[in-house]
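Participant: Quick one: sequence and predicted model below, then my questions.
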Amino acid sequence: MLVDFHMHSIYSDGVKSPEELLRHALECNLSMMALTDHDEIDGIKALRTAQEQLDPEKTIKIINGCEFSADYKDKSIHILGYRFDETNKELRDFIEYFKSKREERIDEIIRRCNNVGYFISKDKLLKKFPKTQAYGRPHIGQLLIDGGYAKDINDVFKGILRKDSPCYVPKVKVEVPYIIDIIHKAGGLAVMAHPKLVSSDEYVVEMLAYDFDGMEVYHTKHNDDDDVKRYKALATKHNLFITGGSDYHGIPGKAPDKFGDYLVSSENVSEFISLL
C-alpha cells in the first residue's frame with residue numbers, strides 16, 4: 001500500500017485545493033493521506049467534504065495533520081502534528097494567534113519590498129490567492145515573479161527574500177517544546193519534520209531530548225539511502241516511530257513537481273499507521 005502523510009493545499013502555501021489533492025491521491029491509489037498545511041487546519045474539513053463526493057466508500061483513510069512552525073537556536077524548525085482533536089481550544093487559539101502574526105509579517109514584507117522598489121500589494125496578494133488562510137514567503141514570491149522581479153521561487157528565496165535581505169522578516173519565534181506540548185494537549189502525535197532540512201544533525205540530535213513521538217524519515221529531500229539510514233537509526237535509538245511524505249506543494253521548481261512522484265510504502269511506516 002502507498003501512503004503520503006505530508007502535503008500542502010491552498011489553505012497554506014500549496015497551489016492545489018484539498019479536492020484536487022484528493023483527486024490526485026485517488027489517481028495514485030493511495031491508501032492513506034494527511035493534509036499538513038502550515039499552522040492551519042481548516043483545509044481538513046474541506047478535504048473530508050470532498051471525500052463525500054469523490055470517495056464515498058472512503059477507500060482513502062484521511063488523517064488530520066498540521067505542520068507547525070517553531071524555532072531552535074534561530075533556525076526554523078517544522079513539527080508535524082497528527083491525530084489531534086481539532087476542537088481543542090488551546091490548539092485553535094494558538095493557530096489563530098499564529099495566523100495573526102503571519103498576517104503582520106506579510107504586511108511588513110510587502111512594505112519593505114515597496115521601500116526598495118519591488119512594487120507589490122496586499123490587494124494583489126488577496127486577489128491572486130483568495131482562498132489561502134495562511135500566507136507566507138512563497139505567496140509573496142509569486143507576486144515578485146509576476147512583477148518580473150524574479151524568474152522562479154528559488155530565485156526569490158536566494159535573492160529578494162533571502163534571510164539577510166532588507167525585505168526579509170522573520171517569523172514569530174515559538175520554542176520547540178511549546179509546540180510539542182500544544183499537540184500533546186490536543187491528544188496528538190508530534191513528529192520532527194524533514195530533519196535533513198534542519199541542516200545540522202547536531203541540532204537534530206539535541207532536539208531529540210524533547211518529547212517527540214516520531215521522526216519523518218521518508219521525505220522528498222532525503223534523496224539517498226544514506227539520509228534514510230541515518231535518520232532511521234536516530235529514530236530507532238530514541239524510540240520514535242517513523243513516518244514520511246512527499247511535502248507536495250505544487251509550486252513550480254519545488255520538488256516534487258507532480259503529486260505521486262514521491263510516495264511512501266506503508267510497510268516502512270507501519271508503527272505510525274498502527275497508532276492512527
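Facilitator: Thanks, I have the structure now. Numbers count the residues shown, from 1 in each chain.

Participant: mind listing the strands in the stretch 151-276 of the chain by residue range?
Facilitator: 189-192, 214-219, 241-245, 264-265 (DSSP state E, counting those that start in this stretch).

Participant: dump the residue contacts of the closest residue to E103 other than its chain neighbours.
Facilitator: Leaving out its chain neighbours, the residue that sits closest to E103 by C-beta to C-beta, 6 or more residues apart in numbering is Y135, at 6.9 Å. The way it works is simple: take the backbone N, C-alpha and C, and place the C-beta from them, glycine included. Shown in contact with Y135 (C-beta atoms under 8 Å, 6 or more residues apart in numbering): D13, R102, E103, I106, L125, F129.

Participant: Any idea how many residues pack against the first one?
Facilitator: In terms of burial, D13 registers 25 neighbours under the definition other C-beta atoms under 10 Å.

Participant: Assign it to helix, strand or coil.
Facilitator: For D13, the assignment made with DSSP: H, G, I helix; E, B strand; the rest coil gives coil.

Participant: Just read off the phi/psi values of the residue nearest to it when sequence neighbours are not counted.
Facilitator: Computed as C-beta to C-beta, 6+ apart, the closest residue to D13 that is not its neighbour in sequence is P138, at 4.4 Å. With angles defined as degrees, to the nearest 10, P138 sits at phi -60, psi -30.

Participant: what's near enough to touch S31?
Facilitator: Applying C-beta under 8 Å, 6+ apart to S31 gives the contacts M1, L2, V3, T59, I60, K61, S266.

Participant: Tell me the one among those residues nearest to H24.
Facilitator: I60 (10.8 Å; C-beta to C-beta).

Participant: just to revisit the earlier point, just the buried subset of the contacts of Y135, please.
Facilitator: D13, R102, I106, L125, F129 (16 or more other C-beta atoms under 10 Å).

Participant: what pLDDT does the last one get?
Facilitator: Model confidence at F129, given as pLDDT, is 87.

Participant: before we move on, back to that, roughly how far does the residue nearest to E103 sit from H219?
Facilitator: Per C-beta to C-beta, to the nearest Å, Y135 is found 24 Å from H219.

Participant: related to what we said a few turns ago, farthest pair in the contacts of Y135?
Facilitator: Longest span within the contacts of Y135, C-beta to C-beta: D13 and E103, 14.1 Å.

Participant: Which pLDDT value goes with L35?
Facilitator: As predicted, L35 sits at a pLDDT of 98.

Participant: Give me the neighbour count for it.
Facilitator: L35: 29 surrounding residues under other C-beta under 10 Å.

Participant: Return the distance of it relative to H24.
Facilitator: 12 Å.

Participant: before we move on, back to that, same question for the residue nearest to E103, what's its three-state structure.
Facilitator: With three-state DSSP as the basis, Y135 sits in coil.

Participant: where are the low-confidence patches of the stretch 151-276 of the chain?
Facilitator: Nowhere does the stretch 151-276 of the chain drop to pLDDT under 70.

Participant: can you give me the helices in it?
Facilitator: 153-158, 176-185, 201-207, 225-237, 270-274 (DSSP state H, counting those that start in this stretch).

Participant: Figure out which of these is closest to D71.
Facilitator: Nearest to D71, of all these, is helix 176-185, at 7.5 Å by C-beta to C-beta.

Participant: Have a look at the protein and report its longest helix.
Facilitator: helix 89-115 (DSSP state H).

Participant: Give me the contacts around the helix or strand just after that helix.
Facilitator: Using DSSP states H and E, the helix or strand that follows helix 89-115 towards the C-terminus is helix 122-128. Residues from elsewhere that reach helix 122-128 (C-beta under 8 Å, 6+ apart): I106, D107, I110, Y135, H139, I140, Q142, L143, D146.

Participant: Put the alpha carbons of helix 122-128 into PDB.
Facilitator: Only the C-alpha atoms of helix 122-128 are listed here, as PDB (Å, rounded to 0.1, in the frame of the first residue of the first chain):
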ATOM      1  CA  LYS A 122      -1.800  43.300  -0.300                       C
ATOM      2  CA  ASP A 123      -4.700  43.700  -2.800                       C
ATOM      3  CA  LYS A 124      -2.800  41.700  -5.400                       C
ATOM      4  CA  LEU A 125      -2.000  39.100  -2.900                       C
ATOM      5  CA  LEU A 126      -5.600  38.600  -1.800                       C
ATOM      6  CA  LYS A 127      -6.800  38.600  -5.500                       C
ATOM      7  CA  LYS A 128      -4.200  36.000  -6.500                       C
END
